[in-house]
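In: how would this look folded up:
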Amino acid sequence: MEIVATKSQKTKISMSGAAALVNCLIREGVETLFGYPGGAIMPVYDALFDQKEKIKHIMTRHEQGATHAAQGFARVSGKVGVCLATSGPGATNLITGLADAQLDSTPLVCITGQVPGKMIGSDAFQETDIVSISMAVTKWNIQVTKAKDIPAAVAKAFYIARSGKPGPVLVDITKDAQFEKAEFEDYETCDQIRSYVPNPKLNEEALDQAAALINSARKPLILFGHGVLLSNAKKEFEDFVEKTGIPAAWTIMGLSALPTAHPLNVGMLGMHGNYAPNILTNECDVLIAVGMRFDDRVTGDVSRYAKQAKVIHLEIDPAEINKNVEVHVPILGNCKESLQALSERVNENQHNKWLTKFNELNAEEEEKVIKDELNPQADEPMSMGEVIKHISNISRGNAIIVTDVGQHQMVAQRYYQYANWKSNVTSGGLGTMGFALPAAIGAKFAAPHRQVIAVIGDGGFQMTIQELGVIFETKVDVKILLLNNEYLGMVRQWQDMFFEKRYSSVDMVNPDFQMIAKGYGIESEKVTEREKLEDSIHSFLSHEGSYLLEVMVGKENNIFPMIPTGASVSEIRLE
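Out: Numbers count the residues shown, from 1 in each chain. Below is the predicted model of the structure:
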């Protein structure tokens, strides 16, 4: 049963709370959601049965997988990702995904079932206080105990999730509220909440001050992050960069906001970023941070970070201003609006002499690191970098790359030549192993006509390997690149460099991944010889349907450059 709106009068229809919830989702434009059924959410699944022509439900094999799939869907589509879970363990299994979405500002609405209202607090079967548990990892949450309150809660949830700085929201609905019948009026979306100001009004004086600093700068540097993508500021950002002629470096969440090959894109910031932007952060005179939060992986020792520079920070969340780095000119607002307003005030310029310094330092990195990583000697094991180079060349940088967490993540982000907007999906702030496989599934459902490649290590793959079941059931076309070094590679690298090679609990005794793939009906190949690599990658990318390509890479290869923990960005090591 649907709610039908009319201009002349509001329609009242009697239905269950579960049916009302499903209708609310339809009115919010939800066409795909991810979840796992159970007792306390069963009425909602029954209501979904009647609307399966309008909403496609993808049953993941674990609730954590549902959150990551919803994240992948949200990050690629620009819409709110939606997932469902039952009470108790179903709800608590969402927590990692909620925390990941909170740190990476991904809009999610997670709906959980709860025991009947009269049983709350009785330690009933599969009862947990998920509202209290999830409070620290959600932008907002609510428990609904009456059917009549469901539409307003859902409308508010979607508005909060997608507005301002996006984030995850949880709506917990008791089972009796799902069964209860009530009279519902036409669903109304939410567009404002008293005292909640998601988009601060731009400060004209701050814009003028920032423009004056930029116009007088001799060595300016732009740092861009996820906010550029979240605000859909593709044109505004490119216009600003090209008008000012300022070198621009990206955080791992900002990757793909500017094509890798753009002449003013000078590389990646942070712990395993490029040499030049890290070194020159401590030499620039004006630092323009756009939609990024000065995470510790970017700043290194914050007490020695860009102390010589005047800092301009374009940010939508007031809490991020002066949180980690002292800001001279804060510009609160949506990046799309603030970049356009700032572009109108700045002069056309070029900084060729300053840009030459980046090119010189990057040439040094090329000679000492990149050349050997991308082109190992014939008698050396295959490197992750050379695999990614082939993937990038053959796909021409057009794929959506979904990375897990570890060495392979850093390599994929350093060496894949991203050509398109919103092509990088990764777990940045939380660093969640197991993220890539379900997130890639969600990304493919969001963009069925684009190629999606999950780049995963042998450790992270086994954390959510059960989500191969979703591929088996739905036939969704996800290409899985498994870079296998038989180690928890990043942990082993740290033990190598800082714990005297005392390798403790990092050796991976792995199963036969081809046999596992075969059990899920997925074609696969294992590459152990360099001579077969390029042809195998061609077959991998051109195969119709999902495919697992396992490549055995060097066991003890380390990823450089690297900023050791506690060091300054200018102390980045090339070897």
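
In: and residue 111, that's in a strand?
Out: Yes: assigned with DSSP: H, G, I helix; E, B strand; the rest coil, residue 111 falls within a strand.

In: sec struct for residue 71, please.
Out: helix.

In: check contacts around it.
Out: The contact partners of residue 71, by CB atoms under 8 Å, 6 or more residues apart in numbering, come to 81, 97, 100, 101, 104, 106, 108, 425, 435, 439, 442. Where you see a C-beta, it was placed from the backbone N, CA and C, and this is true even at glycine.

In: count of neighbours near the last one?
Out: By the measure other CB atoms under 10 Å, the count of residues near residue 442 is 34.

In: re earlier: any of the contacts of residue 71 buried? List them.
Out: 81, 97, 100, 101, 104, 106, 108, 425, 435, 439, 442 (16 or more other CB atoms under 10 Å).

In: coming back round to it: among the contacts of residue 71, name the ones in strands.
Out: Counted as lying in strands by DSSP state E, out of the contacts of residue 71, are 81, 108, 425.

In: adding distance to residue 531 and pLDDT, write those out as a markdown table.
Out: Formatted as a markdown table, the ones in strands among the contacts of residue 71 follow (distance: CB to CB, whole Å; pLDDT from 0 to 100):
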| residue | distance to residue 531 | pLDDT |
| --- | --- | --- |
| 81 | 42 | 98 |
| 108 | 45 | 98 |
| 425 | 32 | 98 |
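
In: nearest to residue 41, of these?
Out: Closest approach between the ones in strands among the contacts of residue 71 and residue 41, by CB to CB: residue 108, at 16.3 Å.

In: without its sequence neighbours, what residue ends up closest to the closest one?
Out: Using CB to CB, 6 or more residues apart in numbering and skipping residues adjacent in sequence, the residue nearest residue 108 is residue 168, 4.0 Å away.

In: what's the answer for residue 327, then?
Out: Distances taken as CB to CB, 6+ apart place residue 313 nearest to residue 327, at 4.4 Å, with adjacent residues excluded.

In: just list the residues touching that neighbour, thanks.
Out: Contacts of residue 313 by CB under 8 Å, 6+ apart are 289, 320, 321, 325, 327, 329, 330, 331.

In: ok, residue 252 next?
Out: By CB under 8 Å, 6+ apart, the residues touching residue 252 are 268, 270, 297, 409, 413, 424, 426, 428.

In: among those residues, name the buried ones.
Out: 268, 270, 297, 409, 413, 424, 426, 428.

In: among these, name the ones in helices.
Out: Residues of those located in helices (DSSP state H): 297, 409, 413.

In: tabulate the residues you listed (TSV), appending distance to residue 378 and pLDDT.
Out: Shown next, in TSV, are these (distance: CB to CB, whole Å; pLDDT from 0 to 100):
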residue	distance to residue 378	pLDDT
297	35	93
409	27	98
413	27	96
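
In: ok, so of these, who is nearest residue 478?
Out: When these are ranked by distance to residue 478 (CB to CB), residue 409 comes first, at 17.1 Å.

In: which non-adjacent residue is nearest that closest one?
Out: Here the residue nearest residue 409, using CB to CB, 6+ apart, is residue 403, at 4.3 Å.

In: so that neighbour makes contact with residue 455?
Out: Yes: with contact defined as CB atoms under 8 Å, residue 403 reaches residue 455; the gap is 4.8 Å.

In: could you tell me which residues touch both of these two?
Out: Joint contacts of residue 403 and residue 455 (CB under 8 Å, 6+ apart) are 409, 412, 436.

In: tell me the contacts of the closest residue to residue 32 other than its chain neighbours?
Out: Nearest-residue entry for residue 32: residue 56, 4.9 Å, with adjacent residues in sequence omitted and distances by CB to CB, 6+ apart. Under the criterion of CB under 8 Å, 6+ apart, the neighbours of residue 56 are 31, 32, 33, 445.

In: residue 263 looks like it's in a strand, true?
Out: No: Residue 263: not assigned to a strand; according to three-state DSSP it is coil.

In: for it, grab the count of nearby residues.
Out: 12.

In: and it, how close does it get to residue 389?
Out: Distance check for residue 263 against residue 389: by CB to CB, to the nearest Å, it reads 21 Å.

In: now swap in residue 200 and tell me
Out: Here the criterion is CB to CB. By it, residue 200 lies 43 Å from residue 389.

In: again, but for residue 30
Out: Going from residue 30 to residue 389 by CB to CB gives 39 Å.

In: before we move on, back to that, between the buried ones among the contacts of residue 252, which sits nearest residue 474?
Out: Using CB to CB, residue 426 comes nearest to residue 474 of those, at 23.0 Å.

In: wait, isn't that closest one in contact with residue 416?
Out: No: between residue 426 and residue 416 there is no contact under CB under 8 Å: 11.3 Å.

In: quick revisit: mind putting the ones in helices among the buried ones among the contacts of residue 252 into a markdown table with distance to residue 523?
Out: Below are these laid out as a markdown table (distance: CB to CB, whole Å):
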| residue | distance to residue 523 |
| --- | --- |
| 297 | 36 |
| 409 | 25 |
| 413 | 27 |
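
In: I am finished for the moment; much appreciated.
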